[in-house]
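1. below is the sequence, then the predicted model.
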Amino acid sequence: MTHDRTEPGHGASAGSVLAELRALQAGDLPTHGGRTLAYVYDSGLAEADALGREALSMFASSNGLDPTAFPSLQRMENDLVAEAGALLDAPSGFVGAVTSGGTESILLAVLAAREGAPHVDRPSMVLPSSAHAAFLKAAKYLGVRAVVVDVDPDTLRADPGAMAAALGDTTVLVVASAPSYAHGVVDPVAEVAAVAAARGVRCHVDACIGGWVLPHLDDVAPWTFAVEGVTSLSVDLHKYAYTPKGVSLLLHRDPALRRGHLFASADWPGYTMLNSTMQSTKSGGPLAAAWAVTRHIGRDGYARLAREARDATLELAAAASATDGLRVVIAPDSTLLALATDGSCDVFTIADEMLARGWFVQPQMAFGHLPPTLHLTLSAATAPSVPDFVTALREAVEAARAAGPVGVDPSLGGMLAALDPAGLDDAAFAGLLAAAGLAGDGGALELPTRMAPVNALLDACPPRLREALLLGVLDRLSRPTGTPAGPSPSEP
Ligand SMILES: *Cc1c(COP(=O)(O)O)cnc(C)c1O
């Protein structure tokens, strides 16, 4: 068999497909430039980005399924784990694994804890209410009951005393965040870990978002493996290590703690399956990209990027505090910020006004006694444009104050109030979409450019109903439309 390397595919030309991809991408939020303050992380270093993309494509087809077939991948994984261990005060003998993201790292930490306590019949874990929803996903996937403990209402940090009281015979894991995603504060990890250790229970520190930043900042309460009692820790490289998406690390204090998430099966006729993570076939691309970018930026480079993002966060917090109508929810420990209004306007309208000015900030719904907020994740690349951001923010707040707080349409509100989330079937959802003016062609969902009325409506819904509504949205969004992208019909 020979390959004709110059033979084109039988579908659209490569050039036109690329043009289509560019056109599709034009509708996305920008990943670079520092104007998207959630979802993406930009170092602002063009060479590091180019290197990451090159490594990503070099190893895109390599398969982490078998470390003996692609030893380069095992080597890079061990290097990344070693680098993280050094940064996070891991003791000698620690181990780790590269996963596809923070959620997978958390799922595996929960799985390992569950498997490590086979004598516990109906395992549970104790979480502060600020813990990432990935733990609730783990609860659902893995059958480990989540015991959620309110954070301290003043500090928004985990309350070790209340958590201690929540521990019981079925507890297999206790969780702390460094920092929490929603409010950007670091839990009292030493106290939480002590609570866990006193009962011989594992303690996982979710440093998915802070793990690559906090080591370079001053005055952070201890949160790494330096804390006795911390048994595992997660850190996402696709966040503040500024690597392409698809890489997180899960570290364990010792190999026995990891054992529960390793998997082998010889009970089938194919190769003996042997996996350290949830994926089996696993692209080498994200791993190689992370290896390349972290080597290129280096420890000193990350220290500088962390300080830039931190300074930008403090500058922005000060400017927001000094803006009529706005307040900072809590002094940030890291590079994340939550903003609330004084009631003269609403965060959803501010988010729309910011988007109209080319800035994406992420609305967070009301939770417990907390009002809705705006979430800002600051990348190093945002630092030089903080003054521009502040100008846009002040204009946005002024516009939102002039408009007044967005209201919930009374008839829609009435419809929703009467809804049982469990009874929200496809037909009921279609009716709601039509009533809300969100039904497009063929009943497809058509999102408006201004999301504030929709967000205000969702915010007014109790959590179970909001989940049901958004699941309906996801279901509608993820249905094929138009002509499938396949070979064009040939002549008969
Ligand atoms: C981002 C994040 C996660 C989840 O990570 P994904 O990579 O989105 O799966 C978990 N915990 C915290 C604190 C996070 O910020």
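-> Everything's here; your move. Numbers count the residues shown, from 1 in each chain.
2. make it CA atoms for all contacts and neighbour counts henceforth
-> Fine.
3. show me where the protein dips below the pLDDT cut-off.
-> Low-confidence segments of the chain (pLDDT under 70): 1-4, 482-492.
4. what parts of it come near the ligand?
-> Taking CA under 6 Å from any ligand atom as the contact definition, the chain meets the ligand at 101-103, 132, 180-181, 206-209.
5. next one: phi and psi at the residue of the stretch 201-350 of the chain found nearest the ligand?
-> Proximity to the ligand, evaluated over the stretch 201-350 of the chain using CA to the nearest ligand atom, is greatest for residue 209 at 4.3 Å. Backbone torsions of residue 209, given as degrees, to the nearest 10, read phi -100, psi -20.
6. test my guess that it contacts residue 240.
-> Yes. Residue 209 is in contact with residue 240 according to CA atoms under 8 Å; the separation is 6.8 Å.
7. quick one: the strands in the stretch 1-150 of the chain?
-> Along the stretch 1-150 of the chain, the segments classed as strands by DSSP state E, counting those that start in this stretch run 95-99, 124-128, 145-149.
8. no no, the stretch 201-350 of the chain
-> Using DSSP E, counting those that start in this stretch, strands in the stretch 201-350 of the chain cover 202-206, 232-236, 248-252, 263-265, 273-275, 326-328, 336-341.
9. can you mark which positions in the lengthiest helix in the chain are buried?
-> In the chain, taking DSSP state H as the definition, the longest helix is helix 285-321. Going by neighbour count (16 or more other CA atoms under 10 Å), the buried part of helix 285-321 is 285-294, 297, 302-303, 305-314, 316-317, 319-320.
10. okay, angle between that helix and strand 248-252 too, please.
-> 100 degrees (axes from the mean of the first three to the mean of the last three CA atoms, to 10 degrees).
11. packing partners for helix 285-321?
-> helix 46-58, helix 71-87, strand 326-328, strand 336-341, helix 386-403 (3 or more CA pairs under 8 Å, 6 or more residues apart in numbering; DSSP states H and E).
12. elements contacting the shortest one?
-> Here strand 326-328 is seen to pack against helix 285-321, strand 336-341 when contacts are counted using 3+ CA pairs under 8 Å, 6+ apart.
13. one more pass at 10 Å, please.
-> Here strand 326-328 touches helix 285-321, strand 336-341, strand 373-377, helix 386-403, going by 3 or more CA pairs under 10 Å, 6 or more residues apart in numbering; DSSP states H and E.
14. circling back to that earlier point, tell me the angle of the longest helix of the chain relative to helix 71-87?
-> Going by the same axes, to 10 degrees, helix 285-321 makes 30 degrees with helix 71-87.
15. just how off-centre is helix 285-321 within its chain?
-> Centroid separation for helix 285-321 versus its chain: 17 Å, with CA atoms, centre = their mean, to the nearest Å.
16. columns mean neighbour count and distance to residue 350 on top of the helices and strands packed on helix 285-321, output as TSV?
-> Below are the helices and strands packed on helix 285-321 laid out as TSV (neighbours: other CA atoms under 10 Å; distance: least, CA to CA, whole Å):
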stretch	mean neighbour count	distance to residue 350
helix 46-58	18	31
helix 71-87	18	38
strand 326-328	21	10
strand 336-341	24	10
helix 386-403	18	5
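17. of the ones you listed, which is nearest residue 127?
-> Taking CA to CA, strand 336-341 is the member of the helices and strands packed on helix 285-321 nearest to residue 127, at 20.6 Å.
18. direction included, what does the closest one pair up with?
-> strand 326-328 (antiparallel), strand 373-377 (antiparallel) (DSSP bridges).
19. quick one: contacts of the shortest one?
-> What it means is strand 326-328. When contacts are defined by CA atoms under 10 Å, 6 or more residues apart in numbering, strand 326-328 is touched by residues 183, 316-322, 337-347, 373-374, 393-394, 397.
20. cool, stretch 398-413 as well?
-> Counting contacts by CA under 10 Å, 6+ apart, the residues outside stretch 398-413 that touch it are 323-325, 341, 343-353, 392-397, 414-419, 432, 435-436, 452-461.
21. and the closest residue in space to residue 252 that isn't next to it in sequence, what are its bridge partners?
-> Nearest non-adjacent residue to residue 252, counting by CA to CA, 6 or more residues apart in numbering: residue 232, 4.4 Å away. Taking DSSP bridges as the rule, residue 232 bridges to residue 204, residue 252.
22. how near is residue 232 to residue 364?
-> Residue 232 sits 28 Å away from residue 364, going by CA to CA, to the nearest Å.
23. compare those two (neighbour count), which wins?
-> Using other CA atoms under 10 Å as the criterion, residue 232 and residue 364 rank with residue 232 on top: 29 against 19.
24. you'd agree that one is up against residue 226?
-> No. In this structure residue 232 lies outside contact range of residue 226 using CA atoms under 10 Å: 11.6 Å.
25. any common contacting residues for the two?
-> Contacts common to residue 232 and residue 226, judged by CA under 10 Å, 6+ apart, are residue 90.
26. about what we covered before: contacting residues for the residue nearest to residue 252?
-> Neighbouring residues of residue 232 by CA under 10 Å, 6+ apart: 90, 94-96, 105-106, 109, 112-113, 175, 202-206, 224-225, 250-254, 257-258.
27. now residue 332
-> By CA under 10 Å, 6+ apart, residue 332 lies in contact with 179, 183-186, 310, 313-314, 317, 338.
28. 8 Å instead, please
-> Neighbouring residues of residue 332 by CA atoms under 8 Å, 6 or more residues apart in numbering: 183-185, 313-314.
29. cool, residue 272 as well?
-> Here residue 272 is in contact with 264-266 (CA under 8 Å, 6+ apart).
30. from these, pick the one nearest residue 382.
-> Within the contacts of residue 272, proximity to residue 382 (CA to CA) peaks at residue 264, which comes in at 44.6 Å.
31. ok, the closest one - how many residues close by?
-> The local packing of residue 264 (other CA under 10 Å) involves 11 other residues.
32. test my guess that it contacts residue 274.
-> Yes. With contacts counted by CA under 8 Å, residue 264 reaches residue 274, the gap being 4.4 Å.
33. give me the domain ranges for this structure.
-> 54-294, 301-403, 410-477 (automatic domain parsing).
34. the closest residue to residue 306 other than its chain neighbours: neighbour count?
-> Nearest non-adjacent residue to residue 306, counting by CA to CA, 6+ apart: residue 213, 5.3 Å away. By other CA under 10 Å, the residues close to residue 213 number 22.
35. now stretch 413-430: buried residues?
-> Buried residues in stretch 413-430, counting neighbours by 16+ other CA under 10 Å, are found at 413, 416, 421, 424, 429-430.
36. swap that for stretch 430-437, sorry
-> 430, 432-433.
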